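S.K.: could you look at this predicted model? Sequence included:
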Amino acid sequence: MTAANWSIRPIIADDDAAIAAIIRAVMPEFGAVGDGFAINDPEVDWMSRAYSAPRSAYFVVEADGVVLGGGGVAPLEGGPGDTCELRKMYFLPGARGLGAGAAMMARCLDAARGFGFARCYLETLGGMDAAMKLYERSGFRRIDAPLGATGHGGCNAFYLRDL
C-alpha cells in the first residue's frame, strides 16, 4: 500500500469478516489478549450492524479493494450523553505510517461532531506508542481514570478531547 492508493469509506456487511480478522490479528501484537479487551466484544463479528445504531459510525480503510483497517465512534456506554468513544481503530502493519490513521481520526471526529457530541473519549494500552502519539497530535489529552462503562478493564491509558 502506498499513500496514494488507499481510501476511507463507511463499513458494509461484506467487510465484517475482514475487520474482525484485523482486530484479532492486531490486538495480540500489543499484548491485548484475554478478558478486558475489545478483542472479546461480541460486536467484533458484526461491526456493520453494531455501528448502524443511532449516533454511531464505523469506517474502513482499503487499498485495491482490500480492507486494511478501520475505526469508529459511538456513544460512550455508561457515560455522559454528550460524549462519544473512539472505538476499535486498528490497522494492519502495511497500512501504518502512511497517513491513514490521521485521516481515519479526522473522519471519525467529523462524524462525532455531526452526531452532536461535544467530547470524544478513548481507551488504549501502554505500548501502543504510535497510536498514542496520533491521539495527542489529534488534540486528545491524557486523563487519569476511565470514563463510562466500556468493559475494557485491560486498558490502562485514557484520553479525552473536546470537539
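M.R.: The structure has been received and is ready for your questions. Numbers count the residues shown, from 1 in each chain.

S.K.: could you list the buried residues of the helix or strand bottoming out on mean pLDDT in the chain?
M.R.: Least confident element among the helices and strands of the chain, by mean pLDDT, DSSP states H and E: helix 16-29 (a mean of 86). Of all the residues in helix 16-29, those buried under the rule 16 or more other CB atoms under 10 Å are 16, 18-20, 22-23, 26-27. Backbone N, C-alpha and C define where each C-beta goes, glycine included.

S.K.: likewise for stretch 51-62?
M.R.: 51, 56-62.

S.K.: pLDDT of that stretch, averaged?
M.R.: For stretch 51-62, mean pLDDT rounds to 97.

S.K.: look up phi and psi at the closest residue to residue 92 other than its chain neighbours.
M.R.: Leaving out its chain neighbours, the residue that sits closest to residue 92 by CB to CB, 6 or more residues apart in numbering is residue 68, at 4.9 Å. The phi and psi torsions at residue 68 (degrees, to the nearest 10) take the values phi -120, psi 0.

S.K.: show me where pLDDT drops low in the protein?
M.R.: Applying pLDDT under 70 to the chain flags the ranges 1-4, 28-41, 153.

S.K.: do that again at 80, thanks
M.R.: 1-4, 27-42, 127-128, 151-155 (pLDDT under 80).

S.K.: grab the most central residue of it for me.
M.R.: With distances taken as CA atoms, centre = their mean, the residue of the chain nearest its centroid is residue 89 (2.5 Å).

S.K.: and that residue, what element?
M.R.: Per DSSP states H and E, residue 89 falls inside strand 83-91.

S.K.: now that strand, how far from the chain's geometric center?
M.R.: 3 Å (CA atoms, centre = their mean, to the nearest Å).

S.K.: report all helices and strands that the helix or strand that comes right after it contacts.
M.R.: Tracing the chain C-terminally past strand 83-91 and defining elements by DSSP H and E, one meets helix 100-114 next. Here helix 100-114 is seen to pack against strand 6-10, strand 57-63, strand 66-75, strand 83-91, strand 119-124, helix 129-137 when contacts are counted using 3 or more CB pairs under 8 Å, 6 or more residues apart in numbering; DSSP states H and E.

S.K.: this completes my enquiry, with thanks.
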